[in-house]
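**Student:** pasted the sequence and its predicted model underneath.
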Amino acid sequence: MTKQPVLTNFPSTIIATAKRRLQVCTARFRASVIRDSLSGYAVLFGKVLPAKFLASIDPTKRQRSFGHVPVFWAWLAQILEGNASCLKALGLLQCWYQEAGLPVPQGDTSGYCQGRCRVSEDFLKNIHRRVLDSLRRGRREEDLWRGFQLKAIDGSSLKLMDTEANQKAYPQPSSQKPGCGFPVMGITGLLNLSHDGWEAIECSNFREHEARVAHRLIDHVSKGDLLLGDRSFCSYQLIAKVRERGGHVLMRLHHARHRKLDWRRGRKLSRLSRRVTWRKPDKLPKTSDLSQAQWDALPETMEVRLIKVSFEDRTGQLRNLVLATTLLDADEHEDLALSELYARRWEIELKLRDLKTTLGLEFLEVRTPAMAKKSVLMMMIALNLLRTVMQEAATEAGLPTWQLSFKGILDLVLASQGSFRVLAGTPFKRRRRHRQFIEICATKRLDLRPFRREPRAVKRRPKPHAYLTSPRHEYQEIPHREQHRKAA
């Protein structure tokens with residue numbers, strides 16, 4: 001007669017010797033530390049993205065080598081390390097698992113790439129909101145402009161892999177022959193200049209005008225915001241929607257209005273500014289996304305202040321431009337102050353350069369539009385995580401965030417992340433190391449050189465390769481010659 005086991009699988013932490021209870025607790029603690037600190041980036045950015053938060057939003061039902069959390073940190077490492085390949089990301093994962101004493105994932109990059117495809121968009125959006133909230137909490141009073149939170153809007157484009165799905169959603173320019181170009185995805189982004197973080201980036205067909213895409217970003221403008229934009233965004237509809245949400249605008253006057261501008265109209269406020277009344281166009285523009293009822297709900301008239309500004313272009317010639325703003329009080333907001341403020345719109349161009357040139361994200365190696373949108377979300381998360389470090393360092397140095405070097409702090413993050421991983425289980429040492437890290441970041445300042453001439457020209461010559469003027473299977477190369485011809 002066999003004995004029936006009693007209290008099967010009863011927790012050993014309750015009925016066990018003191019030594020056994022200690023061993024079980026130690027094993028559980030070690031497992032949690034390894035899981036939470038698999039990557040050095042997880043420890044470095046643990047203050048913004050703690051392990052408990054990631055675990056709470058992780059839809060993965062079981063722990064796996066290519067689950068949401070490990071793939072997220074590997075994907076983040078890909079972006080920060082100059083748009084690295086999936087092969088390098090797999091190598092990072094294998095190295096992290098080996099150092100942690102866990103089973104090392106084997107095989108090629110297909111498992112990691114499938115893991116990236118499984119990462120849900122909601123998971124990334126929750127992380128993006130968490131990082132943005134951290135940036136907002138770190139905002140200082142001196143980061144505002146006269147109580148206004150500055151936001152800038154602009155558009156650009158990214159290239160994708162030449163696949164059928166990408167070509168269908170984001171077709172290549174018509175000037176390029178089939179098989180010889182790349183799909184082009186347009187992006188329109190909203191940058192918060194008070195902490196230099198990206199609020200949102202919308203993807204679109206590059207042929208779609210960025211002013212039309214801008215209306216999808218209106219929800220990220222609120223009361224107390226001052227929106228900066230170039231003349232392509234200066235439309236009646238966009239300004240009316242911003243004012244409806246309690247915000248203000250400062251934009252360059254649209255070229256269509258500038259051609260018909262009569263400086264004698266309106267009420268004179270100063271020698272360089274006038275207050276005019278704009279009337280709503282009679283018909284709903286064909287390019288508008290609003291319904292007829294939404295268009296009818298817009299105000300029939302709008303008060304706008306125009307400011308004439310003189311500037312020197314890159315050729316040294318003196319030119320004039322006209323700014324349009326809804327800040328109507330000339331005594332409270334002087335003409336000169338607004339013209340100097342408009343120059344800060346250029347900061348969004350520099351942030352796009354950080355995105356496309358410094359991080360090498362001008363070309364996204366993704367095969368589907370869905371992965372392209374996820375990649376854009378990951379780009380925002382990576383950039384905003386770096387901005388949290390810059391924001392903390394700027395507070396330490398008592399400087400505006402824009403005076404710190406993005407490339408300098410990026411290099412320091414890449415060099416330091418490995419040293420944080422070994423401190424995962426020691427909170428005191430980790431906090432002390434983080435303070436030292438921020439102190440070093442505070443020294444990475446921009447070398448401001450006013451009036452320095454930097455022509456838009458390159459000194460290095462590219463390789464004298466011929467252009468691919470026909471599909472690869474049709475292209476015929478003539479060896480040892482610089483001249484190439486098409487196949488007959």
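**Tutor:** Looks like it came in fine.

**Student:** OK, contacts around residue 76?
**Tutor:** Residues in contact with residue 76 (CB atoms under 8 Å, 6 or more residues apart in numbering) are 41, 378, 381-382, 385. No exception for glycine: its C-beta is placed from N, CA and C like everyone else's.

**Student:** next SSE after the helix or strand in which residue 434 is found?
**Tutor:** Using DSSP states H and E, residue 434 sits in helix 427-441. Using DSSP H and E, the helix or strand that follows helix 427-441 in sequence is strand 475-476.

**Student:** does anything pack onto that next one? Which helices or strands?
**Tutor:** Applying 3 or more CB pairs under 8 Å, 6 or more residues apart in numbering; DSSP states H and E, we find strand 475-476 packed against strand 485-486.

**Student:** you'd agree residue 262 is in a strand?
**Tutor:** No: using DSSP: H, G, I helix; E, B strand; the rest coil, the assignment for residue 262 is coil, not a strand.

**Student:** mind checking pLDDT for it?
**Tutor:** pLDDT, residue 262: 88.

**Student:** how about residue 14?
**Tutor:** pLDDT for residue 14: 54.

**Student:** please apply the same query to residue 470.
**Tutor:** So residue 470 comes in at 83 (pLDDT).

**Student:** was I right to think it contacts residue 178?
**Tutor:** No: look at residue 470 against residue 178 with CB atoms under 8 Å: they stay out of range, at 9.3 Å.

**Student:** rewinding a little: check the contacts of residue 76 and tell me the two furthest apart.
**Tutor:** Greatest spatial distance among the contacts of residue 76 (CB to CB): 41 and 378, at 12.7 Å.

**Student:** secondary structure element holding the residue nearest the centre of the chain?
**Tutor:** Central residue of the chain (CA atoms, centre = their mean): residue 380, 2.9 Å from the mean position. Counting by DSSP H and E, the element that carries residue 380 is helix 369-397.

**Student:** for whichever helix or strand comes after that helix, buried residues please.
**Tutor:** Where DSSP H and E defines the elements, the next helix or strand beyond helix 369-397 is helix 406-421. Residues 406, 408-410, 412-413, 416-417, 420-421 are the ones in helix 406-421 that count as buried (16 or more other CB atoms under 10 Å).

**Student:** per-residue confidence for residue 11?
**Tutor:** 57.

**Student:** in contact with the residue found closest to residue 308 once you drop the neighbours it is linked to in the chain, which residues?
**Tutor:** With CB to CB, 6 or more residues apart in numbering as the criterion, residue 308 has its nearest non-adjacent residue at 4.7 Å, and that residue is residue 272. Contacts here follow CB under 8 Å, 6+ apart; on that basis residue 272 touches 307-309, 335.

**Student:** neighbour-wise, which one of the residues you listed leads?
**Tutor:** residue 307 (25 neighbours; other CB atoms under 10 Å).

**Student:** is it in a helix, a strand, or coil?
**Tutor:** Under three-state DSSP, residue 307 comes out as strand.

**Student:** hey, what's it bridged with?
**Tutor:** Residue 307 has these beta-bridge partners by DSSP bridges: residue 273, residue 323.

**Student:** all the strands of the chain, residue numbers only.
**Tutor:** Using DSSP state E, the strands of the chain run over 149-160, 184-192, 197-205, 225-229, 248-252, 267-268, 273-279, 301-312, 318-325, 363-364, 475-476, 485-486.

**Student:** out of those, deepest packed?
**Tutor:** Comparing those by mean neighbour count (mean count of other CB atoms under 10 Å), strand 225-229 ranks first with a mean of 26.

**Student:** can you list the strands that that one pairs with?
**Tutor:** Here the strand partners of strand 225-229, with direction, are listed using DSSP bridges: strand 149-160 (parallel), strand 248-252 (parallel).

**Student:** quick one: that strand to chain centroid distance?
**Tutor:** Its chain's C-alpha centre and that of strand 225-229 lie 18 Å apart, by CA atoms, centre = their mean, to the nearest Å.

**Student:** and if you look at stretch 272-280?
**Tutor:** 35 Å.

**Student:** next, find the distance separating residue 169 from residue 369.
**Tutor:** To residue 369, residue 169 is 4 Å away according to CB to CB, to the nearest Å.

**Student:** any shared contact partners between the two?
**Tutor:** By CB under 8 Å, 6+ apart, the residues touching both residue 169 and residue 369 are residue 185.

**Student:** tell me, how many residues neighbour the nearest residue to residue 186 once chain neighbours are set aside?
**Tutor:** Closest residue to residue 186 apart from its sequence neighbours, by CB to CB, 6+ apart: residue 206 at 3.8 Å. Neighbourhood size, residue 206 [other CB under 10 Å]: 20.

**Student:** just to revisit the earlier point, could I get the strands paired with strand 225-229 as TSV with distance to residue 282 and mean pLDDT?
**Tutor:** Converted to TSV, these look like this (distance: least, CB to CB, whole Å; pLDDT from 0 to 100):
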stretch	distance to residue 282	mean pLDDT
strand 149-160	27	96
strand 248-252	23	96
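
**Student:** okay if I get the ones you listed as a markdown table plus distance to residue 57?
**Tutor:** A markdown table is the format used below for these (distance: least, CB to CB, whole Å):
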| stretch | distance to residue 57 |
| --- | --- |
| strand 149-160 | 27 |
| strand 248-252 | 35 |
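
**Student:** and of the ones you listed, who's closest to residue 67?
**Tutor:** Among the strands paired with strand 225-229, strand 149-160 sits nearest to residue 67 (CB to CB), with 26.4 Å.

**Student:** just how off-centre is the closest one within its chain?
**Tutor:** Worked out by CA atoms, centre = their mean, strand 149-160 lies 9 Å from the chain centre.

**Student:** what does stretch 172-184 give?
**Tutor:** 26 Å.

**Student:** now do stretch 180-193
**Tutor:** Distance of stretch 180-193 from the chain centroid (CA atoms, centre = their mean) equals 11 Å.

**Student:** need the CA coordinates for it. CSV is fine.
**Tutor:** The C-alpha coordinates for stretch 180-193 follow below in CSV (Å, rounded to 0.1, in the frame of the first residue of the first chain):
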residue,chain,number,x,y,z
CYS,A,180,15.7,51.4,-58.5
GLY,A,181,14.3,53.4,-55.6
PHE,A,182,13.0,53.1,-52.1
PRO,A,183,9.6,53.7,-50.5
VAL,A,184,9.4,57.0,-48.8
MET,A,185,7.4,57.5,-45.6
GLY,A,186,6.5,61.1,-44.6
ILE,A,187,6.7,62.0,-40.9
THR,A,188,5.3,65.1,-39.1
GLY,A,189,6.4,65.6,-35.6
LEU,A,190,5.5,67.8,-32.6
LEU,A,191,8.5,68.7,-30.4
ASN,A,192,8.1,70.1,-26.9
LEU,A,193,10.9,72.7,-26.6
